[in-house]
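Novice: Give me coordinates for this.
(one chain, ligands or ions: 1)
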Amino acid sequence: MARLVIVSNRVASPKERAAKAGGLAVALREALGKRGGLWFGWSGETSADAPAKPKMMRSGPISYALQTLDTEDQRAHYAGYANGTLWPLCHYRLGLFAFRRSDWEGYRRVNATFARSLMPLLKPDDVVWVHDYHFIPLASELRALGFEGRIGYFHHIPWPTPEVFYSLPSHAALVQDLGQYDLVGLQTEHDVRALLTYISAEARGWIGPGGVVGLHNRRFRVAAYPIGIDAEAFVTDAKAAERSKDRKRLLASLAGRSLAVGVDRLDYSKGLPNKFNAFDNLLERYPEHRSRVTMMQIAPVSRGEVAEYQQLRRELEELAGHVNGRYAEFDWVPLRYLNKPFPRATLAAIYRTAKLGLVTPLRDGMNLVAKEYIAAQDPEDPGVLVLSRFAGAADELPGAVTVNPYDIEGMADVMNRALLMPIEERRERWRANMDNVVSNTIHDWCERFLEDLGAREDRAEESSGS
Ligand code: GDG
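Specialist: Numbers count the residues shown, from 1 in each chain. Okay, here's the model as predicted:
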């Protein structure tokens, strides 16, 4: 089995325990452990005279290589092009999208730096798996340095439709970069259609069966690999949570009221103001829920140095204050808004207790919280997942009650319906969702992507041998 090399911006430290690391980090670590391999990424540090070579570490069969970046390049790459240009573009937020040539140049420079730092560590038959929009040009840079082995790319966020994608001045260069991979994985069939439409209409590539693409003398494949969660770990955590201290504290604090929960990074793609407004609207138009339902929104701060995120934080504080000021009683606070992260076991206890899971992003590649909420439910008395139609997860979870997050009254109506839903319907919906969550776990996702990435070479060998 070829050695696996994973590239991602942040690398889960070898010391981070499984309970703390996210499901993706655990699955990637597992894949590396099986094959033996290297995890390459940013060290999290910057300096005015960053060393050209990465810091090396080893833990069992896995090596880690962490590259420090030049301070200004890192800003242009991360806050500039990756999160100021690509993130809003891919989430259909042209109003928040900014393009500066200097950021684009910094983005490319950082990718070239990463390629130069990674190249000496690569063996010719390594399989390289690159994660996310921070690294789209990495394959081009590695090819320019002479790497001919297999390289796969997985895009964790949505791929925008051509009309939106055209707004990006560097659209042609970015798709040409994608062509240097052997396999490009997206979250949903919708994303695949969006990219393939662009490739055939704008880039004049050809599309063959199974998503095989011919573009500028390269042949690669584009396919959907919807990401999953570690379902077993969540079921175990949620069952254990039944008797946990956290669960007891939570139940005591609710004093018999129903709980509706949201867990999202504090990000404008997650539709948090819309969710708060919908809860406000529920209490306004369905007064029977006042003093009977508590909403809890966990929203750990993310990219807190970026102005748009600071603005969103202020807006949410204001909205939460408004809802609570308007409806709170001396023994009931309608909206609990928390900016800190919690351990996974605590999240499992909260999910399991909540009658409603509120996952209402304006756009989301997949949304793992939706799947975690399902995995954590009690099969005998499951809660209802209220899910935005604009999350990739909506294609995967047929039992969710879908909403349009731009329709505030519509969301309030759906919340009301979900709170009143009879047990038989809740069980039926949960079963349909859970079937998907257990049949496509993060481990299956990982194996499928790597199998397809490996299979490409076998096919090429077969055809060149025949
Ligand atoms: C990107 C795409 C795609 C959140 N708060 C806490 C906590 N979390 C965990 C959740 C979940 C993860 O973070 C968030 O994953 P999402 O999928 O919901 O969203 P993004 O961070 O935007 O991820 C997304 C994903 O990549 C994977 O491809 O699904 O569409 O945007 O696992 O549980 N975990 C803990 N404490 C918290 O307070 N422990």
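
Novice: All the helices of the stretch 151-300 of the chain, in order from the start?
Specialist: 162-165, 171-178, 189-201, 231-241, 245-254, 272-285 (DSSP state H, counting those that start in this stretch).

Novice: I'd like to know which of those is closest to Met56.
Specialist: Nearest to Met56 among those is helix 171-178 (27.5 Å), distances taken as CB to CB. (C-beta placed from N, C-alpha, C; glycine too.)

Novice: Can you tell me what sits against the closest one?
Specialist: 136-137, 139-140, 153, 165, 168, 184, 195, 198-199, 202-203, 215-216, 220 (CB atoms under 8 Å, 6 or more residues apart in numbering).

Novice: Please pick the buried ones from those.
Specialist: With burial judged by 16 or more other CB atoms under 10 Å, the buried subset of the contacts of helix 171-178 is 136-137, 139-140, 153, 165, 168, 184, 195, 198-199, 203, 215, 220.

Novice: hang on, the earlier thing: name the nearest of the contacts of helix 171-178 relative to Leu316.
Specialist: When the contacts of helix 171-178 are compared against Leu316 (criterion: CB to CB), the nearest one is Leu168, at 28.6 Å.

Novice: just checking, that closest one touches Ala98?
Specialist: No: the pair formed by Leu168 and Ala98 falls short of the contact definition of CB atoms under 8 Å, at 11.0 Å.

Novice: shared neighbours, those two?
Specialist: Counting by CB under 8 Å, 6+ apart, the residues touching both Leu168 and Ala98 are Thr85.

Novice: Can you spell out which helices and strands pack onto the helix or strand where Val7 lies?
Specialist: Assigned by DSSP states H and E, Val7 belongs to strand 4-10. The helices and strands touching strand 4-10, judged by 3 or more CB pairs under 8 Å, 6 or more residues apart in numbering; DSSP states H and E, are helix 23-35, strand 37-47, helix 101-118, strand 127-131.

Novice: partner strands of that strand, parallel or antiparallel?
Specialist: According to DSSP bridges, strand 4-10 forms sheet pairs with strand 37-47 (parallel), strand 127-131 (parallel).

Novice: continuing past the last one, what's the next helix or strand?
Specialist: Moving toward the C-terminus from strand 127-131, the next helix or strand (DSSP H and E) is helix 138-144.

Novice: Going by distance to Arg285, which of the contacts of helix 171-178 wins?
Specialist: For these, the nearest to Arg285 is Phe165 (38.8 Å; CB to CB).

Novice: pretty sure the closest one contacts Leu89?
Specialist: Yes: Phe165 lies in contact with Leu89 (CB under 8 Å); the separation is 7.2 Å.

Novice: Tell me where the model's unsure across the stretch 351-466 of the chain.
Specialist: Within the stretch 351-466 of the chain, the segments meeting pLDDT under 70 span 455-466.

Novice: Up against the ligand, what does it have?
Specialist: 364-369, 372 (CB under 6 Å from any ligand atom).

Novice: go again using 5 Å as the cut-off
Specialist: 364-369 (CB under 5 Å from any ligand atom).

Novice: just the chain next, same as before
Specialist: 156, 227, 263, 300, 341-342, 344, 364-369.

Novice: In strands only, show me those residues.
Specialist: Using DSSP state E, the subset of those located in strands is Val263.

Novice: Buried subset of the residues of the chain next to the ligand, written for ChimeraX?
Specialist: Restricted to buried positions by 16+ other CB under 10 Å, the ChimeraX selection for the residues of the chain next to the ligand reads:
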select :156,227,263,341,344,364,365,366,367,368,369
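
Novice: Which single one of the contacts of helix 171-178 is nearest to Ala400?
Specialist: Leu195 (25.4 Å).

Novice: Identify the residue nearest the closest one in space, chain neighbours excluded?
Specialist: Trp159 (4.9 Å; CB to CB, 6 or more residues apart in numbering).

Novice: The one you found contacts Asp191, doesn't it?
Specialist: Yes: between Trp159 and Asp191 there is a contact at 4.0 Å, judged by CB under 8 Å.

Novice: tell me the domain ranges of this structure?
Specialist: Per the record, the chain has its domains at 4-228+443-458, 231-438, by automatic domain parsing.

Novice: What separation do you get for Gly84 and the ligand?
Specialist: 16 Å (CB to the nearest ligand atom, to the nearest Å).

Novice: burial count for that residue?
Specialist: Using other CB atoms under 10 Å, Gly84 is surrounded by 23 other residues.

Novice: By mean pLDDT, which helix or strand of the chain comes out lowest?
Specialist: helix 442-465 (a mean of 70; mean pLDDT, DSSP states H and E).
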